[in-house]
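Peer 1: Any chance you could fold what I've pasted below:
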Amino acid sequence: MVDGEGNGRVVGTLLNTEQQPHAVTSAIVKSDGTPVTTAVLVDVIRLPPHEPVHLADEPPVAVTADDLTVGSFVELTLDVTDGELVQMLVPVEARKGPYANVDVIAVSDGIAHRPQEIV
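Peer 2: Okay, the predicted model is just below:
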């Protein structure tokens, strides 16, 4: 989801279908028109077995969205515990409708901030 001001946040639901817990330790966003962007995780995202994890409710996965276009698709790669990479194509959505109340996080110098925290 992007806010139109260069800030984005990965939203969606993840489900660990294995018996052991896992965690997302990093994320990368890649688009045809933009260089690879390392998303910033505010904290590790825990993935307990067989429980849905809603990313809008978890520590944010923030990404610089200056070159991301609403309606396009990006390749999202999640680095899960033990170095397993999970890749998926995800749509870029605007911060409206079901995403209107999701906090947007800005990335400045590789650190995630709520927009009012950027100096």
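Peer 1: E18 touches P48, doesn't it?
Peer 2: No. Shown here, E18 and P48 do not form a contact pair, counting by CB atoms under 8 Å, at 10.4 Å. The way it works is simple: take the backbone N, C-alpha and C, and place the C-beta from them, glycine included.
Peer 1: Can you give me the buried ones in stretch 61-76?
Peer 2: For stretch 61-76, a neighbour-count test (16 or more other CB atoms under 10 Å) marks V61, A62, V63, T64, A65, L68, V74, L76 as buried.
Peer 1: which of these lies closest to G8?
Peer 2: A65 (3.3 Å; CB to CB).
Peer 1: can you pull out the strands in this structure?
Peer 2: 7-9, 13-15, 22-31, 34-41, 45-47, 52-54, 61-64, 73-80, 84-91, 106-108, 111-113 (DSSP state E).
Peer 1: Just send those strands back as CSV, with distance to M1 and mean pLDDT too.
Peer 2: Compiled in CSV, the strands of the chain are given as follows (distance: least, CB to CB, whole Å; pLDDT from 0 to 100):
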stretch, distance to M1, mean pLDDT
strand 7-9, 5, 87
strand 13-15, 14, 93
strand 22-31, 12, 88
strand 34-41, 12, 71
strand 45-47, 16, 93
strand 52-54, 13, 95
strand 61-64, 10, 84
strand 73-80, 12, 91
strand 84-91, 10, 91
strand 106-108, 13, 67
strand 111-113, 15, 51
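Peer 1: out of these, deepest packed?
Peer 2: Per residue and on average, the most neighbours among these fall to strand 7-9, with a mean of 25 (mean count of other CB atoms under 10 Å).
Peer 1: Determine the set of other helices and strands touching it.
Peer 2: Contact here means 3 or more CB pairs under 8 Å, 6 or more residues apart in numbering; DSSP states H and E; on that basis strand 7-9 packs against strand 61-64.
Peer 1: just checking, what packs against the strand it packs on?
Peer 2: Contact here means 3+ CB pairs under 8 Å, 6+ apart; on that basis strand 61-64 packs against strand 7-9, strand 22-31, strand 34-41, strand 106-108.
Peer 1: Tabulate the ones you listed (CSV), appending distance to L89.
Peer 2: Supplementary listing: the helices and strands packed on strand 61-64 in CSV, determined by distance: least, CB to CB, whole Å:
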stretch, distance to L89
strand 7-9, 16
strand 22-31, 10
strand 34-41, 15
strand 106-108, 22
